[in-house]
Structures are given as structure tokens and as C-alpha cells.
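> Give the three-dimensional model of this entry:
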Amino acid sequence: MEHNLDLAPIARVNGTVALPGSKSISNRTLLLAALAKGSTTVKGLLAADDIHYMLEALKALGIQWEQQGDSRDFIVHGAAGVFPVKAAELFLGNAGTAFRPLTAALALSQGHYTLSGVARMHERPIGDLVNALREAGALIECTGVEGYPPLAIKPASYNGQTIKVKGNVSSQFLTALLMALPLTGEAVTIDVIGELISKPYIDITLKLMAKFGVQVEQNGWSRFTIAAKQSYQSPGEIDVEGDASSASYFLAAGAIGGGKVRVTGMGADSIQGDKHFAEALALMGAEITWGSNYIEAAPPASGQLMGIDADMNHIPDAAMTLAIAALFAQGPTTLRNIASWRVKETDRLSAMATELRKVGAIVVEGEDFITITPPDALIANAEIDTYDDHRMAMCFSLVAVTGVAVRINDPQCTAKTFPTYFTELAKISV
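A predicted model of the protein is given here:
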């Protein structure tokens, strides 16, 4: 197996990229389809590790599904809110979008379940979700370190009280509760304690729940109420949008790479918050064109991006790509309110700071911010470590787009969300 990838300098980029399906939408849709009454055709499911783990977990829980030939269309036969299998051991890799929602759904499923993952998954906090579920009566044991996976779940009675969950570590905790609690059939209120991060991801959750027939009453971002006697119903067919986080790499390539790049599969009508990445690029001076199902990026008319100082709490994943765009901007760029970077696939704040310095940037790393001052000239042939983090690999590939060779270690980590990423980048490289 190839352990590194040498990217030759790319003189220019130009072209169109059809985006793979959204990871966030794919795994939410799979779980909702599994919990719904009726069969759902899920069209355009992402082909990636995170989705594979969810599909295999659902199969182990007794959910039947079929792939349609070689396409990315799947038919999922819903179990009307009840997983058929009441005892299962699930391994979920480093897939937070599978691990967190399944934890909540299984805690309400009256069975014996264990959930584990890779070593990094066992370092990613889940205590706020576990504690919220315990308050509601769930019997969940952290079998290693308290507050972290692996987990053991036992049958329990739901006690129907108002549930409180902290909002400042991961929006996936609130997503997990929202998706699972309709299984109780009872009225329930979720109160969010403190600031809720990554709000656009909650918006995705609410919109998808509505497509499956469950409405949530929202009081700002601090209280969510689910009325009694609601249950998931198959919408029959649902299309998975192209992944807006993955779009960020190609849009940034257009902004810094001397050509025009269009991404298709999501656009102005997208339910994904990461579409707002294009607005951040526009703040830096990039020329952005919007369509209902596409976004196009080209370099600034002046030819030079400008550094920005911006709060990135709403788009933390895509904000990583801005840190790379900052290398090609005039003046420093500061990305703020990104403490959640520290509990992702790796400690992304520390990792980004370390690797940005390798290409010559001056970096200030704060607890919840990063400031990047670009060098006069990038250091060629830097060897970039990726920390088993797909976004690190894809971000730093963009260093090549301005004509500087770069080596990416462990490029296979992109399989988590975008196995064909480097092939797509090559297609638009001129």
C-alpha cells in the first residue's frame, strides 16, 4: 500500500466536479429510514468508510437493505421504530455520525448492545450525550474511561422528563437525542445548556426528520420540543445532496488556482450549513457564482485573496480549508470560535498549526482560534502528516495548486468521506 502521495506543482485548475453525497445527510438518512415505517429508496448515498460502518451496524441490528446494482442508490426496509435484534456488538471505526445517533437510538431500544471504535474514537468525548440519556433513564456504561467510548447499553425505562444536554462540545449529541426521542412516543423537551455549536448541522437534522414525518418545535437554539405520538414514516424516496464540506476544497482551488471551478450536487438551495464556506471565500475576495444546484469559484479580479478575521463556529469543518486559503492571502487570517476542532478525528487545531508551519506559515494557536500569516514564499516539498484525518489530507493537497510540490502522508485516510478525492483533483488540474 502506498503510504504517501507526492503532488507535483499544479499550474492551474479549471473544470467541474460532481460532488459525492453528504456524509452528514447520508448517515442521518440511513438511520431515519431504518427507524421509519415502510421502505425508503435513498439515492446518491456517499461511498465512504463512515457510511459503510452505519450500513453494517444496521444490518447487525436486523435492518434489511439492498444496493441497487453498482449505483449508490439503496433500498432500506424500515423497522417502524424497533430494531429486530436485541443483542449486538457494533464496531463503528471513527464514524461520529454513526456512533453518536446509534448510541441514543439503542439506549431507547430495550436491548443489550456494545459500541466501540478505533483508538481515536475512544478519545472523542461522549459524556454529555451519555449523561443526558442517563437522566432520561438509560442504562449506559462507559467500559473504558468514564465519558468516552466504548459503551455498553442495557434495557431501561424512559422516564419522560425534560432532558438537558450541553451544546458546546459537539452538535452531534443534540442531533442524536432529536433523532432518537420520537421512538418513545412521548412528549419530550430538550434544553440546550450553554452555547450550541455547529447550528447548521442541527438544521440538517430537523429538516430530515420533517421529511420522515416528525416535527420538532424550536425555541431559538436553546429548547426543542417533540410532541407525543409522532413516528417516522418513509417518504418513499430521498435524494442525498452532494457534500458541502467536500465542496470547500474545490472551491478553494478555484479561488487560489488561477481558473474557474464549479461544484455540482449542492448550491443555494442546499440544507447544509457548509455552503456558507463560499461566502467566507467571497469575503477573502474570491468571485463566487451561485446556482440552485451548483457553486462556482474563481480568483479575485485583483488576483490576490485578502486575509480575514471571522467567527467560524457555524462551519468548523469547512473552516479548515480557509486556513489553507490563508496561505495565499495578503495579510494574516484569524479563524475564531473553533474549539470543536480539538475533539474531531484528531486535535485539528494543533495538527493544522504544526503542518502549516511546515510550509512556512507563521501560526498562532489559541485554545479556540488560529491566526495564519502567510510566508513570502511557500516551502516546497513539505512532508505533511495527516493524523488519520481525511480533512487534513484534502486541505493540504491545495498547497500544490499554487505551483508548489507537496508530499501527503497516508493519503488513504480520505476514504472516510471521499475515496476518489485525489482523482477528482487531478481531473481539474491543468
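
> ok but residue 370 is inside a strand, no?
Yes - the assignment for residue 370 (DSSP: H, G, I helix; E, B strand; the rest coil) places it in a strand.

> out of everything not next to it in sequence, what's closest to it?
residue 335 (5.4 Å; Cβ to Cβ, 6 or more residues apart in numbering). C-beta: built from backbone N, CA, C; applies to glycine.

> for residue 57, same thing?
Per Cβ to Cβ, 6+ apart, closest to residue 57 is residue 90, 4.8 Å.

> Show me how far the helix or strand containing the residue nearest to residue 370 is from its chain's centre.
Assigned by DSSP states H and E, residue 335 falls within strand 333-336. Offset of strand 333-336 from its chain centre (Cα atoms, centre = their mean, to the nearest Å): 20 Å.

> so what strands line up beside that strand?
Applying DSSP bridges to the sheet, strand 333-336 is found paired with strand 309-311 (parallel), strand 369-373 (antiparallel).

> Report the distance from the longest one to the chain centre.
Think strand 369-373. On Cα atoms, centre = their mean, the centre of strand 369-373 falls 22 Å from the chain's centre.

> what does the first one give?
On the basis of Cα atoms, centre = their mean, the separation between the geometric centre of strand 309-311 and that of its chain is 21 Å.

> from here on, count from 204
Happy to do that; since the first residue is 204 now, the last one works out to strand 512-514.

> Buried residues, it. List them.
residue 513 (16 or more other Cβ atoms under 10 Å).

> Contacts for it, please.
The contact list for strand 512-514 (Cβ atoms under 8 Å, 6 or more residues apart in numbering) reads 483, 486, 525, 536, 537, 538, 539, 540.

> cool, the longest one as well?
If you take Cβ under 8 Å, 6+ apart as the criterion, strand 572-576 is touched by 526, 529-530, 534-541, 552, 555-556, 559, 564-567.

> quick one, helices of the stretch 404-553 of the chain?
447-459, 480-486, 519-528, 551-561 (DSSP state H, counting those that start in this stretch).

> between those helices, which gets nearest to residue 392?
Residue 392 sits nearest to helix 519-528 of all those, at 26.9 Å, using Cβ to Cβ.

> The closest one versus strand 572-576: what angle between them?
Helix 519-528 and strand 572-576 are oriented at 20 degrees to each other (axes from the mean of the first three to the mean of the last three Cα atoms, to 10 degrees).

> Show me what helix 519-528 packs onto, helices and strands only.
helix 447-459, helix 480-486, strand 536-539, helix 551-561, helix 593-600 (3 or more Cβ pairs under 8 Å, 6 or more residues apart in numbering; DSSP states H and E).

> Deepest-packed of those, please.
helix 447-459 (a mean of 29; mean count of other Cβ atoms under 10 Å).

> Reformat the helices and strands packed on helix 519-528 as JSON lines; add distance to residue 328 and mean pLDDT.
What follows is the helices and strands packed on helix 519-528, written out as JSON lines (distance: least, Cβ to Cβ, whole Å; pLDDT from 0 to 100):
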{"stretch": "helix 447-459", "distance to residue 328": "21", "mean pLDDT": "97"}
{"stretch": "helix 480-486", "distance to residue 328": "26", "mean pLDDT": "98"}
{"stretch": "strand 536-539", "distance to residue 328": "22", "mean pLDDT": "98"}
{"stretch": "helix 551-561", "distance to residue 328": "15", "mean pLDDT": "98"}
{"stretch": "helix 593-600", "distance to residue 328": "19", "mean pLDDT": "97"}
